[in-house]
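A.B. asks: Based on what follows, work out the 3D shape:
(2 chains)
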Amino acid sequence: DAGVIQSPRHEVTEMGQEVTLRCKPISGHNSLFWYRQTMMRGLELLIYFNNNVPIDDSGMPEDRFSAKMPNASFSTLKIQPSEPRDSAVYFCASSVAGFTDTQYFGPGTRLTVL
Amino acid sequence: GQQLNQSPQSMFIQEGEDVSMNCTSSSIFNTWLWYKQDPGEGPVLLIALYKAGELTSNGRLTAQFGITRKDSFLNISASIPSDVGIYFCAGTGNQFYFGTGTSLTVIP
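C.D. replies: Next up, the predicted model:
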């Protein structure tokens, strides 16, 4: 199995630009999670989808962040406009069934906003 | 929200030594998981524990699900340089919680 696939692996952009991060979950997994990791705050859950439907987006920092899952094999996390404080590593993870099931993580996207 | 407390926060050990780290929570969990994160990579699942008291091994790694269901332990025997990384515990109750991490440095 290919595991969770994320792209790009690295993104450098200027403040104010739109950023789109992509994720392909493990085939057969029904739940998908977006996390952000920083030195200061550790790993934070941003949003969680179950069967392509957003279940909990309480971790999304503000309206500049949005996430979609148009089908079972693809999700995007968009930041518009980006700010320097958004610089972090963004991870996508998937599980077979929900929050209480074992989550498998992708390699992450390292985002730097100048 | 709920945080899992890991200790120690960091460890510096000589190659060949054994390593022990633990994770505690204030609430009961149904599952305990241990992940390792290498620099520039995502967390990789090492061991999953599903029952209180369960002791599971994966090569040189051994983990236990505490009897109280509020803690878990990870041991690494005969450490090698590639064991370097950050080890995270995670637990599932009504949600999925991540620990604060233990940074391991192995000195050759």
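
A.B. asks: Please report how far the residue of chain B found nearest chain A lies from A:Glu14.
C.D. replies: Per C-beta to the nearest C-beta, B:Gly42 is where chain B lies closest to chain A, at 3.6 Å. Backbone N, C-alpha and C define where each C-beta goes, glycine included. Using C-beta to C-beta, to the nearest Å, B:Gly42 is found at 26 Å from A:Glu14.

A.B. asks: show me the contacts for B:Pro81.
C.D. replies: B:Pro81 makes contact with B:15, B:106, B:108, according to C-beta atoms under 8 Å, 6 or more residues apart in numbering or on different chains.

A.B. asks: Please check those and keep the buried ones.
C.D. replies: B:Val106 (16 or more other C-beta atoms under 10 Å in any protein chain shown).

A.B. asks: now the residue positioned nearest the centre of chain A, what's its secondary structure?
C.D. replies: Against the mean C-alpha coordinate of chain A, by C-alpha atoms, centre = their mean, the closest residue is A:Trp34 at 3.2 Å. Under the three-state scheme (DSSP: H, G, I helix; E, B strand; the rest coil), A:Trp34 adopts strand.

A.B. asks: looking at chain B, which helix or strand is least sure?
C.D. replies: Within chain B, no helix or strand scores below strand B:96-98, which has a mean of 83 by mean pLDDT, DSSP states H and E.

A.B. asks: higher neighbour count, B:Gly42 and A:Glu14?
C.D. replies: The residue with more neighbours, out of B:Gly42 and A:Glu14, is B:Gly42; 22 against 11, by other C-beta atoms under 10 Å in any protein chain shown.

A.B. asks: List the contacts of the more buried one.
C.D. replies: Contact analysis of B:Gly42 by C-beta under 8 Å, 6+ apart lists A:4, A:91, A:93, A:105-108.

A.B. asks: does any part of the host helix or strand of B:Gly91 sit near chain A?
C.D. replies: The secondary structure element spanning B:Gly91 is strand B:85-92 (assigned by DSSP states H and E). Yes. Using C-beta under 8 Å from any C-beta of the partner chain, strand B:85-92 comes into contact with chain A via B:88, B:90, B:92.

A.B. asks: Counting neighbours, what do you get for A:Met40?
C.D. replies: A:Met40 has 5 nearby residues by other C-beta under 10 Å.

A.B. asks: Actually, A:Glu18.
C.D. replies: 11.

A.B. asks: Got phi/psi on whichever residue of chain A sits closest to chain B?
C.D. replies: Proximity of chain A to chain B (C-beta to the nearest C-beta) peaks at A:Phe105, 3.6 Å away. Main-chain dihedrals, A:Phe105, degrees, to the nearest 10: phi -100, psi 150.

A.B. asks: quick one, phi/psi of the residue lying closest to it once chain neighbours are set aside?
C.D. replies: Of all residues not flanking A:Phe105 in the chain, B:Gly42 sits nearest, at 3.6 Å (C-beta to C-beta, 6 or more residues apart in numbering or on different chains). When read as degrees, to the nearest 10, the backbone of B:Gly42 gives phi -90, psi 160.

A.B. asks: I'd like to know how far B:Gly42 sits from A:Ile26.
C.D. replies: The gap separating B:Gly42 from A:Ile26 is 13 Å, by C-beta to C-beta.

A.B. asks: Report the set of residues contacting both of the two.
C.D. replies: Common contacts of B:Gly42 and A:Ile26 (C-beta under 8 Å, 6+ apart): A:Val4.
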